[in-house]
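give me the fold of what follows.
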Amino acid sequence: MMTFNSDTYKRRRDILRQKMGTGQLLILGNDESSMNYKDNCYRFVQDSTFIYYFGINQPGLSAIINANGDDVVFGHELSIDDIIWTGPLPTLKERAERVGVRTVKKPDELSSSIGKKTFFLPPYRPEHQIKLSRLINKPIEQLEALISLDLLLTISAQRSIKTEEEIDQMHEACTFSGEAHRALMTSAHPGMREHHLVGIFENIGMDHNVHTSYPTICTINGQTLHNHYYNNELADGKLVLVDGGLHSKGGYAGDLTRTFPVSKSFTTKQKDIYNVVYEGFIHAINIARPEMLFRDLHLRTAVKLAEGLISLGLMKGNAEEAVADGAHTLFFPHGLGHLIGLDVHDLENFGEEHIGYFPDLKKSKEFGLKSLRLGKAMQKGYTVTIEPGIYFIPELMNKKEAEGLHKEFINYDKVYEYQDFGGIRLEDNFVMREYGFEKLGEYLARTVDEVEELRAEAYG
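Numbers count the residues shown, from 1 in each chain. All right, here's what the predicted structure looks like:
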């Protein structure tokens, strides 16, 4: 992959080395993962921490960052048996030298290279757990207790603050993603099926020689938050919610959401709910500042959404009291956003409680807040998603009313009029600057009028 020059990777390792002090850090790259037999594999995705420090997008590698500065990459060179399938490629030694690593060893030398003070990261793949267990001669059940939380937090802090060259990659990812969303908004018609739109979205990625950042959500049932069923037919009067992103050429992730009518324009009811979501979105991006807790941004946005729902008669009473009671979670049951970078949910393989929160700021167990992946204070250089939404989930309506919850703040009779509405979400990605948020990527239609203008293009 080698998105950046060798100085970038050397600098990243040197920064970590200085904070690590003594010892060494073992980073396991990812291996090929078979779908149904050995040689039929899923698309290869390299471990993001390996990419961050070593930039080599090749399966079967491991690496060690040594405190003494002699970093090592472990892996096989291609044999003639490999080359007849892959064609000639740069040698592993050549690739390592391009990222400033002089020492390359074979995989069977890894075990003997591990010292007494070796740090490692949480293994999120079962094969990594097995490999790590064998390398350090400890049972899999004991691995979690051996992870250095201090080092994990050090890496998290380093990777969370994006450099300008990384932000350029994020701009590219979001621009590609916006182009794909725009293509859907200008081509959707009644009679098409969701999978036709998914095909258009992924084709835009192939036009740029990049892949999707995560499985695309494209659905007329927006009330189902992670809906990957694509065979529903688009019909007049329905909404289409598309949550999808494309990578940059350097592997950074985009993550945008737009909701638009299948028809040429929104119905009055759809427009009213859309505007509540839009106003919440604008409120969030306008008030966000460095050092502000993302949890507070989430809650203040929830109040803004509640105010909009009160104005429509779906909620009642005082908006701040309603949010304190959790009444808004009937309509907004997820978090406002998350970190984004090399992974669409950046660094979450380290554990949400370590990445999104601080030791003195614990993740809530309450409905709604327990789905907030990021709660801690935002720093300059953080790249995040902002994605408020309003959903009408019949099963959740029935459950909350049956339990007698939030009656002081919810007009259930009115809410049931929206049982077949679906859901609306609006999402863009931002970098935190000293003055607040800066949008990543080119602008994509957000307002009702802007969305309807694009829908008019679809109808000629």
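
the longest helix belonging to the chain packs against which elements?
The residue-count maximum for a helix in the chain (DSSP state H) belongs to helix 164-185. With contacts defined as 3 or more CB pairs under 8 Å, 6 or more residues apart in numbering; DSSP states H and E, the packing partners of helix 164-185 are helix 194-207, strand 239-244, strand 256-261, strand 383-386, strand 428-433, helix 448-458. Heads up, the C-betas are built off the backbone N, CA and C, glycines and all.

how about those, which one is nearest L299?
With CB to CB as the measure, strand 383-386 is the member of the helices and strands packed on helix 164-185 nearest L299 (13.9 Å).

quick one: list the elements packing against that closest one.
Helices and strands touching strand 383-386, as assessed by 3+ CB pairs under 8 Å, 6+ apart, comprise helix 164-185, helix 268-287, strand 428-433.

so the second one versus strand 256-261, what angle?
Orientation check (axes from the mean of the first three to the mean of the last three CA atoms, to 10 degrees): helix 268-287 against strand 256-261 gives 160 degrees.

I'd like the helices and strands packed on helix 164-185 laid out as CSV, including mean neighbour count, mean pLDDT and distance to A188.
Converted to CSV, those look like this (neighbours: other CB atoms under 10 Å; pLDDT from 0 to 100; distance: least, CB to CB, whole Å):
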stretch, mean neighbour count, mean pLDDT, distance to A188
helix 194-207, 17, 98, 6
strand 239-244, 24, 98, 6
strand 256-261, 24, 98, 7
strand 383-386, 25, 98, 23
strand 428-433, 22, 98, 20
helix 448-458, 16, 97, 6
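
would a markdown table of the ones you listed with distance to F119 be doable?
Putting these into a markdown table (distance: least, CB to CB, whole Å) gives the following:
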| stretch | distance to F119 |
| --- | --- |
| helix 194-207 | 36 |
| strand 239-244 | 36 |
| strand 256-261 | 36 |
| strand 383-386 | 26 |
| strand 428-433 | 29 |
| helix 448-458 | 49 |
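
so which of the ones you listed is nearest H181?
Within the helices and strands packed on helix 164-185, the stretch nearest H181 is strand 256-261; the backing value is 5.1 Å (CB to CB).

show me what that closest one is packed against.
Looks like strand 256-261 contacts helix 164-185, strand 239-244, helix 268-287, strand 423-425, helix 448-458 (3+ CB pairs under 8 Å, 6+ apart).

report the angle between the third one and strand 428-433.
For helix 268-287 against strand 428-433, the angle by the same axes, to 10 degrees is 20 degrees.

for helix 268-287, what is the distance to the chain centroid?
Centroid separation for helix 268-287 versus its chain: 22 Å, with CA atoms, centre = their mean, to the nearest Å.

what sits against N286?
The contact partners of N286, taken as CB atoms under 8 Å, 6 or more residues apart in numbering, are G436.

kindly recompute the last result at 7 Å.
When the contact criterion is CB atoms under 7 Å, 6 or more residues apart in numbering, N286 has no partners at all.

circling back to that earlier point, out of the helices and strands packed on helix 164-185, nearest to K138?
Closest to K138 of the helices and strands packed on helix 164-185, according to CB to CB: strand 383-386, at 35.5 Å.

okay, now the sheet partners of the next helix-or-strand element following that closest one, with direction.
Taking DSSP states H and E as the definition, the helix or strand that follows strand 383-386 towards the C-terminus is strand 389-391. Listed by DSSP bridges, the sheet partners of strand 389-391 and their directions read strand 423-425 (antiparallel).

just the residues contacting the partner strand, thanks.
Contacts for strand 423-425 (CB under 7 Å, 6+ apart): 222-223, 239, 241, 243, 257, 259, 273-274, 277, 387, 389-392.

quick one: which of those residues is nearest to K105?
The shortest separation between K105 and any of the contacts of strand 423-425 is 42.7 Å, and it belongs to D243 (by CB to CB).

so which of the helices and strands packed on helix 164-185 is nearest R182?
Relative to R182, the nearest member of the helices and strands packed on helix 164-185 by CB to CB is helix 448-458, separated by 6.7 Å.

which residues touch the closest one?
Residues lying outside helix 448-458 but in contact with it, judged by CB under 7 Å, 6+ apart, are 182, 185-189, 260-261, 264-266, 271, 274-275, 445.
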